[in-house]
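1. make a model of this:
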Amino acid sequence: MHPLENERVNLSGIQASRMIPCFGMIGNIKLWKGQEILIKAMKHVREAVPNVKCLLVGGTGRFEHPYLEKLQQIMKEEDLQNCRNIYGTQK
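-> Down below sits the predicted model:
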């Protein structure tokens, strides 16, 4: 990441400032891809970098909706709602 003052990036309608540290995953949300590990690691990353953001970009198939709900529940339990974003399928 190379922070540039006030520079904005548009990723198919997703805007993020380069002044805010962020990381994430792009791809369908599936159990075997490890999004749960990323979200759990987010708690530890946030301790060192309080304004960090996490982006999960990708959709779910009909069988992955329970997994997405589990991820959202973990975010709620770990108080991570304010430092993450989940976007559906991007075109």
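2. in this protein, which spans are helices?
-> Chain-ordered helices for the chain, with DSSP state H as the definition, fall at 35-48, 65-77.
3. what's the pLDDT at the most centrally placed residue in the chain?
-> The residue lying closest to the centre of the chain (Cα atoms, centre = their mean) is L55, at 2.5 Å. L55 carries a pLDDT score of 82 in this model.
4. quick one, strands of the protein?
-> With DSSP state E, the ranges of strands along the chain come out as 8-11, 14-17, 22-26, 53-57, 84-87.
5. which of these comes out lowest on mean pLDDT?
-> Set side by side, those differ in mean pLDDT, and strand 8-11 is lowest with a mean of 50.
6. if we can go back for a sec, so what pairs up with the residue nearest to the centre of the chain in the strands?
-> Beta-bridge pairing of L55 under DSSP bridges involves G24, N85.
7. my guess is it contacts C22. True?
-> Yes. With contacts defined as Cβ atoms under 8 Å, L55 counts as touching C22 at a distance of 6.0 Å. For the C-beta atoms, the positions are set from N, CA and C on the backbone; glycine is no exception.
8. how close does K70 get to T60?
-> In this structure, K70 and T60 are separated by 11 Å, where distance is defined by Cβ to Cβ, to the nearest Å.
9. in terms of neighbours, single out the busier of these two.
-> More neighbours sit around T60 than around the other of K70 and T60, counting by other Cβ atoms under 10 Å; the figures are 18 against 15.
10. ok, now which ones touch that one?
-> Going by Cβ atoms under 8 Å, 6 or more residues apart in numbering, T60 touches 28-30, 67-68.
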